[in-house]
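> need the 3D shape of this:
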Amino acid sequence: MIRLDNVSVTYRLKSESVEALRNANLDLADGSFVAIMGPSGSGKTTLIQVIAGLLTPTAGEVVVSNQNLRQLDDRAISEFRNRTIGFVFQFFNLPSYYTALDNVALPLVFAGVSEAERRDRARVLLDEFGLGDRAIHKPEQLSGGEAQRVAIARALINNPKIILADEPTGNLDRDTGTHMMELLQKVNRDRGVTVLLVTHDEKAAAFAEQQLRIEKGTFV
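Residues are numbered from 1 along each chain as shown. Now for the predicted structure:
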């Protein structure tokens, strides 16, 4: 489902070169649940960006769902990302001017789905996650746990093959964070969605089937 072959990403900072990823290799099976841990600056965020097609590596190949991302132009990568990948972030990334329902439905706007179908599909997911009565509430009217459930519902609205979760418990208290990880675990188990979790939290990482560590841009 996700394969990186000798992937390197080098940034230029003034006169200095910084290797964010260095000959990184990764091979994740369809339906797996993997946590990647590492200190700040180890390359975790760069790794997520490369897998999502948001960043082109300096060297190496990135293959996601049997698609070599180097072979896609910007428009094709955007379409591929929209139908293949769901994102869950630490700070939810829910536009404050949209209701929970509209936030969940947002990816379907870019997919060209009609408004009626968008709203119907979003309502189904909100009901599934126990948020049916919060559909017309805006993000500031939701608790942290409710906002993160909205974010997970949004990530699932396009029936993606992969969820990329970047520190999804980082802005939640311990009990709420545990509930979020149980929800991601259930999504992985019941829907067969591949979940790649990036986290500093060892307790969150323990929900994954496999834990990997990255340091200085390479897996150790």
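> only C-alpha atoms from now on, for both contacts and neighbour counts.
OK.
> ok, now which ones touch residue 38?
By C-alpha atoms under 8 Å, 6 or more residues apart in numbering, the contact set of residue 38 is 44, 199-200, 213-215.
> so which of those are in helices?
Secondary structure of the contacts of residue 38 is defined by DSSP state H; positions in helices are residue 44.
> buried ones among the contacts of residue 38?
Neighbour counting by 16 or more other C-alpha atoms under 10 Å classes 44, 199-200, 214-215 among the contacts of residue 38 as buried.
> ok, those residues vs residue 143, which is closest?
residue 199 (21.4 Å; C-alpha to C-alpha).
> isn't the closest one right next to residue 40, touching?
No - contact criterion C-alpha atoms under 8 Å: residue 199 and residue 40 do not qualify, at 10.2 Å.
> and residue 13, what's its pLDDT?
Looking at residue 13, its pLDDT reads 78.
> report the beta-bridge partners for it.
residue 16 (DSSP bridges).
> grab the longest helix from this protein for me.
helix 174-191.
> quick one: average pLDDT of it?
92.
> how far off centre is it?
Distance of helix 174-191 from the chain centroid (C-alpha atoms, centre = their mean, to the nearest Å) equals 14 Å.
> who's in contact with it?
With C-alpha under 8 Å, 6+ apart as the criterion, helix 174-191 contacts 31-33, 145, 148-149, 168-170, 193-195, 204, 207-208.
> before we move on, the earlier item: min pLDDT across the buried ones among the contacts of residue 38, which one?
Of all the buried ones among the contacts of residue 38, residue 200 carries the smallest pLDDT score, 86.
> so that residue makes contact with residue 167?
Yes - applying C-alpha under 8 Å, one finds residue 200 in contact with residue 167, separated by 7.2 Å.
> SS state for the residue nearest the centre of the chain?
Against the mean C-alpha coordinate of the chain, by C-alpha atoms, centre = their mean, the closest residue is residue 164 at 2.2 Å. Secondary structure, DSSP: H, G, I helix; E, B strand; the rest coil: residue 164 is strand.
> switch the contacts of residue 38 over to JSON lines; also include distance to residue 179.
Shown next, in JSON lines, are the contacts of residue 38 (distance: C-alpha to C-alpha, whole Å):
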{"residue": "44", "distance to residue 179": "23"}
{"residue": "199", "distance to residue 179": "16"}
{"residue": "200", "distance to residue 179": "17"}
{"residue": "213", "distance to residue 179": "24"}
{"residue": "214", "distance to residue 179": "26"}
{"residue": "215", "distance to residue 179": "28"}
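> on that earlier part again, ok, now which ones touch the residue nearest to the centre of the chain?
48, 85-88, 195-198.
> what about those, which are in helices?
residue 48.
> now, the most widely separated pair of the contacts of residue 164?
Across the contacts of residue 164 (C-alpha to C-alpha), the longest gap, 15.0 Å, separates 85 and 198.
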